[in-house]
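*Asks:* fold the following, please.
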Amino acid sequence: MPACPECRAGFFTIPVTQSYPHTREFHGVHFSLLAPLESSQARFTFTGIFQNREVVWDCTLFTLARYHTQRPASAQPTARTAFLEIGGETTRGRTIVVTLDIPHIDEPALLRTIIMIRNYKRLQPGRHEFGEPRTFPPH
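*Replies:* Here you go, the predicted structure:
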C-alpha cells in the first residue's frame, strides 16, 4: 500500500483490466503499464536502484491538478507542491507516488518520471516535496 494517507484511504483506485499489465518500451526504457494510461494519472512498474539494491518500483503518477481534485474539499485556496512519496514493499514492488505539476501525462512524462527517480541516488522512504507551490481554488 502506498504510504500517503489519501492512498491508504482509497482515493486513488484505478481499475486494472484483463489486458494489463502491458509491457512497453519507450526510448530504450522498459516499463509495464498496470492500467490504461490516462491524461491525469498513470499506474506502472519499472526497475531502479533504491538503497543500493535493485527494486521494482510500483509507481502511481498524478498531475498536481488531479491530485488536488482527489483530496477532500476545502473552502479555502490550497497550495500544493509536487512530490514523490516512497512507501513500503508489496508483492508488485516498492510503492512510489509521484505528483508532478504538468498539464497531462503521456509516455514522454512517464519516461521523464522514470529517469528522475533513477537519477536520485539518496532516496529515502517518505514524502519528498520539490518545486514551487501552486495555489488551487476551493473545490
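*Asks:* for the longest helix anywhere in the chain, give the mean pLDDT please.
*Replies:* Counting by DSSP state H, the longest helix found in the chain is helix 107-119. If you average the pLDDT over helix 107-119, you get 94.
*Asks:* equivalent analysis for stretch 80-100, please.
*Replies:* Rounded mean pLDDT across stretch 80-100 is 96.
*Asks:* what's next to it, contact-wise?
*Replies:* Stretch 80-100 is contacted from outside by 1-4, 7, 12, 34, 45, 50, 55-64, 67-68, 101, 109, 113, 117, 123-136, using Cβ atoms under 8 Å, 6 or more residues apart in numbering. (C-beta placed from N, C-alpha, C; glycine too.)
*Asks:* just stretch 107-120 next, same as before
*Replies:* Contacts of stretch 107-120 with the rest of the structure, by Cβ under 8 Å, 6+ apart, involve 24, 26-27, 29, 31, 37, 42, 44, 46, 48-49, 57, 59, 61, 84, 96, 98, 100, 102, 123.
*Asks:* and the buried ones among those, selectable in ChimeraX?
*Replies:* Applying 16 or more other Cβ atoms under 10 Å to the contacts of stretch 107-120, the buried members can be selected in ChimeraX as follows:
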select :31,37,42,44,46,48,57,59,61,84,96,98,100,102,123
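*Asks:* of the contacts of stretch 107-120, which belong to strands?
*Replies:* Within those, residues falling in strands by DSSP state E are 24, 26, 29, 31, 42, 44, 46, 48-49, 57, 59, 61, 84, 96, 98, 100.
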